[in-house]
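Student: Here's a sequence, model it:
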Amino acid sequence: MPRFLKRIVLVALVATFFVALLAGICTELSYAHNMPSNPQPEIGKVIRMTVNHGSVIYATHEEWVHYRSVQAVSGSVMLASFVGIGTFKLCVKKVWN
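Tutor: From the prediction side, this is the model:
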């Protein structure tokens, strides 16, 4: 495998890790700042959630499902890219040299 291709694969894995991390963080911050901190049964925001280091918010079931889905996907992508980086570094020697 050519050296430049090794570098491209490694950089792509690292970039994927950080994009997934950013997606999870943005979701946390968005929910913490845009959701009500008191239940609002008239619009269906009755599911209590704790986000962003302890902020208590209330969301609808659909918002809760979206939040959990984004967190699960971003966590899975981060784990897969982290394992990919480790495997790549073990299997392919001299990426930068």
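Student: my guess is Ala20 meets Ser81, correct?
Tutor: Yes - with contacts counted by C-beta atoms under 8 Å, Ala20 reaches Ser81, the gap being 6.9 Å. Any C-beta I mention is one placed from the backbone N, CA and C, and that applies to glycine too.
Student: ok, now how distant is Phe18 from Ala12?
Tutor: Here Phe18 is placed at a distance of 11 Å from Ala12 (C-beta to C-beta, to the nearest Å).
Student: Helices of this structure, start to end?
Tutor: Under the criterion DSSP state H, helices of the chain are mapped to 3-34, 61-91.
Student: how about the last one: buried residues?
Tutor: Read it as helix 61-91. For helix 61-91, burial by neighbour count (16 or more other C-beta atoms under 10 Å) applies to 63-64, 67, 70, 74, 77-78, 81, 84-85.
Student: Quick check: which ranges of the chain have low pLDDT?
Tutor: For the chain, the stretches with pLDDT under 70 are 1, 93-97.
Student: again, 90 this time
Tutor: 1-7, 9-10, 52, 85-97 (pLDDT under 90).
Student: Show the contacting residues for Thr50.
Tutor: Neighbour list for Thr50: 56-57 [criterion: C-beta atoms under 8 Å, 6 or more residues apart in numbering].
Student: Quick check: bridge partners of it?
Tutor: Under the criterion DSSP bridges, Thr50 forms beta bridges with Val56.
Student: swap in Lys45?
Tutor: Taking DSSP bridges as the rule, Lys45 bridges to Gln40.
Student: ok, it to Ser76 distance?
Tutor: For Lys45, the distance to Ser76 - C-beta to C-beta - is 28 Å.
Student: do the same with Leu13
Tutor: Here Leu13 is placed at a distance of 14 Å from Ser76 (C-beta to C-beta).
Student: likewise Phe18?
Tutor: Relative to Ser76, and taking C-beta to C-beta, Phe18 is found at 15 Å.
Student: Ok, His61 next?
Tutor: Going from His61 to Ser76 by C-beta to C-beta gives 22 Å.
Student: Any buried residues in stretch 32-39, and which?
Tutor: Under 16+ other C-beta under 10 Å, the buried positions of stretch 32-39 are 32, 35.
Student: Then stretch 9-19?
Tutor: So, applying 16+ other C-beta under 10 Å, buried residues of stretch 9-19: 9-10, 13, 16-17.
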